[in-house]
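*Asks:* Sequence and predicted model, in that order:
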Amino acid sequence: WTAEAARLRRHLIDDVAFHGWPKEWVDSAPRFEEIGVIETGGGYRIRKLRYEIVPGFYSTALLYEPQHPSGKMPAILHVHGHVGAVGKAIEFKQKRCINYAKHGVVALSLDWFLHGELNEKGNDHWLGAQLDLAGANVLGIFYLEMRRGLDYLYNDPNVDRTRIGVTGLSGGGWQDERVKAANPVAGFSSLRSKIEANGDRTIGIEAAQLIGVARWAEKCSGAAKVRLETGGIRTQAIGLVAAALEPGLFSEISVRNGMHSLSYVFNLPVEFEQAPELFCLDLYKEFDIDSLEALAGPATVRVAHYRELP
């Protein structure tokens, strides 16, 4: 299997990700230049870097390192996805990198397309479809931008090559054999983020996630059933769909700040960005809140508060 895994990895990278890309670009040596150092005096320093992704296209990075490095150090590449125009300057990413550096771990922070210092017109990664039309898989430039960071860490004389990892939000380098540990936070993420996250997932996916979490809670607690409390029209609908799909999973569903009917979405009207999962038009053909509550039986549905139309 080890040999087969290596073959598949090379096929995925060479024949899929880099399909249509010039080999001299793919195999080119990393080109980084240091453009400044920030001495924080707080146990770490920051090196400001500029690097070439492909000829003529540059990005920037921040290298966080211990103020007093000692010997060969482990290193972690920090990537992120759609965090907004602030990019790598977003607070949680800075804190994570600072924490690693103060604990003796080198941390390299990169930007993603249309974020941070790549926040320029024309850098939106959705425009990558134009590369696909030209015969070059857009995945290639995404992968190259992140791989350059691994190239830098791998060639850093202060880094232990056997201890390089990758973490971050919606990105990663898990197909690179130099990565010894990866913790990508995207589709596979923490339990808390699955419960609290509000995104543009379909109501079916969110209901399935809720069912999975409820089963997990039931198993860990030893309880026969789980009580569900919802707050708002989005979680109300998700909870009722989950209960209708798995009757008997919940002992009670408490609804706070909910809606009398699904028609509330269109009568208000609710904008798509405010509740994307509620725009499942097929749901409206056959069901409404009252029918979903009936299907949720034998769970008891208790309503603490309904929203009223203005």
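*Replies:* Received it, and whenever you're ready, just let me know what you need. Numbers count the residues shown, from 1 in each chain.
*Asks:* make it CA atoms for all contacts and neighbour counts henceforth
*Replies:* Fine.
*Asks:* Can you list the low-confidence ranges for the stretch 151-300 of the chain?
*Replies:* Along the stretch 151-300 of the chain, the parts satisfying pLDDT under 70 run over 170-175, 184-201.
*Asks:* rerun that using 80 as the cut-off
*Replies:* Counting by pLDDT under 80, the low-confidence segments of the stretch 151-300 of the chain come to 169-176, 183-202, 272-273, 280-282, 285.
*Asks:* For it, which segments count as helices?
*Replies:* Counting by DSSP state H, counting those that start in this stretch, the stretch 151-300 of the chain has helices at residues 191-196, 203-221, 233-245, 264-267, 281-286, 289-295.
*Asks:* will you turn those helices into a markdown table that also has distance to Y44?
*Replies:* Below are the helices of the stretch 151-300 of the chain laid out as a markdown table (distance: least, CA to CA, whole Å):
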| stretch | distance to Y44 |
| --- | --- |
| helix 191-196 | 30 |
| helix 203-221 | 40 |
| helix 233-245 | 43 |
| helix 264-267 | 51 |
| helix 281-286 | 53 |
| helix 289-295 | 55 |
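*Asks:* Kindly reformat the ones you listed as TSV containing mean neighbour count.
*Replies:* Putting the helices of the stretch 151-300 of the chain into TSV (neighbours: other CA atoms under 10 Å) gives the following:
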stretch	mean neighbour count
helix 191-196	11
helix 203-221	16
helix 233-245	24
helix 264-267	13
helix 281-286	10
helix 289-295	17
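*Asks:* Which one of these lies nearest to M73?
*Replies:* Nearest to M73 among the helices of the stretch 151-300 of the chain is helix 191-196; the distance by CA to CA comes to 31.0 Å.
*Asks:* Figure out which of the helices of the stretch 151-300 of the chain is closest to A17.
*Replies:* Judging these by CA to CA, what sits closest to A17 is helix 203-221, at 27.9 Å.
*Asks:* Show me where this protein has its strands.
*Replies:* 32-39, 44-54, 57-66, 73-79, 106-110, 159-169, 181-185, 226-231, 250-256, 300-303 (DSSP state E).
*Asks:* Can I get the ones you listed in JSON lines including distance to L150 and mean neighbour count?
*Replies:* Shown next, in JSON lines, are the strands of the chain (distance: least, CA to CA, whole Å; neighbours: other CA atoms under 10 Å):
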{"stretch": "strand 32-39", "distance to L150": "12", "mean neighbour count": "13"}
{"stretch": "strand 44-54", "distance to L150": "12", "mean neighbour count": "19"}
{"stretch": "strand 57-66", "distance to L150": "12", "mean neighbour count": "20"}
{"stretch": "strand 73-79", "distance to L150": "7", "mean neighbour count": "25"}
{"stretch": "strand 106-110", "distance to L150": "9", "mean neighbour count": "26"}
{"stretch": "strand 159-169", "distance to L150": "8", "mean neighbour count": "19"}
{"stretch": "strand 181-185", "distance to L150": "12", "mean neighbour count": "17"}
{"stretch": "strand 226-231", "distance to L150": "43", "mean neighbour count": "17"}
{"stretch": "strand 250-256", "distance to L150": "47", "mean neighbour count": "21"}
{"stretch": "strand 300-303", "distance to L150": "53", "mean neighbour count": "16"}
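*Asks:* would you turn those strands into TSV with distance to F266?
*Replies:* Converted to TSV, the strands of the chain look like this (distance: least, CA to CA, whole Å):
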stretch	distance to F266
strand 32-39	53
strand 44-54	46
strand 57-66	44
strand 73-79	39
strand 106-110	42
strand 159-169	34
strand 181-185	34
strand 226-231	20
strand 250-256	20
strand 300-303	21
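*Asks:* Nearest to K23, out of these?
*Replies:* Nearest to K23 among the strands of the chain is strand 44-54 (11.3 Å), distances taken as CA to CA.
*Asks:* between the closest one and strand 106-110, how many degrees?
*Replies:* Between strand 44-54 and strand 106-110, the angle comes out at 50 degrees (axes from the mean of the first three to the mean of the last three CA atoms, to 10 degrees).
*Asks:* Name every strand pairing with strand 44-54 and say which way it goes.
*Replies:* strand 32-39 (antiparallel), strand 57-66 (antiparallel) (DSSP bridges).
*Asks:* need the ones you listed in TSV with distance to A304 and mean pLDDT, can you?
*Replies:* Converted to TSV, those look like this (distance: least, CA to CA, whole Å; pLDDT from 0 to 100):
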stretch	distance to A304	mean pLDDT
strand 32-39	54	96
strand 57-66	50	96
